[in-house]
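K.L.:
what's the 3D shape of this:
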Amino acid sequence: MTDRRFGLEYNGRPIFEYVEANAPSPPALSATDDVFVYVMGPYTAFDASYAYEDADELDSPFFADPLFDPDRHVTEDGRGDYRLALEEFCADLRAALGVRAFVATDVGIPTKRQVDREGLDEPGMTPLDQSVEFAAVSDAVLFVFTAAGLTTGVGSEVGAVLGEFNLRWNDPADERKPRERLRLFVGPSFSSASIGEITPAYGVDCIEFDSRTDLHRKSQQFLVNVERGTRRHGWPVYDPPEG
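P.N.:
Presented below is the predicted three-dimensional model:
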């Protein structure tokens, strides 16, 4: 496997060492259990009770959609946790393909706010820095959005991650990560101006899906294409800057 000890360090250790140690492993050993797949998306579900005064008349303040299930992805205090839906999706990829699919919180590096809030004896790392580094060391990156998730913040974070890899079409610098290793998946009825600009601005393909099964099929197809492209064309995981 390519040495991925490039980029930022945290507490004196390369970021990849944290990913390698903490990204969940597939349930059974496979030929692809050293393939790292980073999944990004919203962590908070849209809650109608914050937006509409008469939301208490609804059966549920949350949207039910292909990924987020109000019966399974709501915490005891009533908060819609979209991250749980992303974690389930990662678990499905691990089981079906034997890859090490993970979300940022799986790695266990605290944010700077978390350090301050909990009084931890370590520096912490901003969510954006974490996402840039996790995406850099991963074989593939999936951005997943559906109508049930709040895109506030994460939309601009996706653009910032892609910008760090010099993927804007008008960027004269060499790309740091092949855009073929990244894919955007959007569910039915999803709409976001910032997310909608990703493909024309960065050249990362956007794939629509209409069900959980459809997302699984299309994401697996994407990962197979990444593996083939790596074998045939030698796509690097990441091309770090010199020096």
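K.L.:
which SSE is immediately downstream of the strand or helix carrying residue 101?
P.N.:
Using DSSP states H and E, residue 101 falls within strand 100-102. Remark: after strand 100-102, the chain's next helix or strand is helix 104-107, criterion DSSP H and E.
K.L.:
which other helices and strands does that following helix contact?
P.N.:
Other helices and strands packing on helix 104-107, by 3 or more Cβ pairs under 8 Å, 6 or more residues apart in numbering; DSSP states H and E, are helix 15-22, helix 82-97, helix 127-137. The C-beta positions use only the backbone N, C-alpha and C, and glycine is treated the same way.
K.L.:
just the CA coordinates for the longest one, please, in CSV.
P.N.:
What follows is helix 82-97, C-alpha atoms only, in CSV (Å, rounded to 0.1, in the frame of the first residue of the first chain):
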residue,chain,number,x,y,z
TYR,A,82,-28.1,12.4,10.3
ARG,A,83,-24.7,11.2,11.1
LEU,A,84,-26.3,7.9,12.2
ALA,A,85,-27.6,7.4,8.7
LEU,A,86,-24.2,8.0,7.2
GLU,A,87,-22.7,5.6,9.7
GLU,A,88,-25.2,2.9,8.6
PHE,A,89,-24.3,3.6,5.0
CYS,A,90,-20.6,3.1,5.8
ALA,A,91,-21.4,-0.1,7.6
ASP,A,92,-23.2,-1.4,4.5
LEU,A,93,-20.2,-0.5,2.3
ARG,A,94,-17.9,-2.3,4.6
ALA,A,95,-20.1,-5.4,4.6
ALA,A,96,-20.7,-5.5,0.9
LEU,A,97,-17.2,-4.5,-0.5
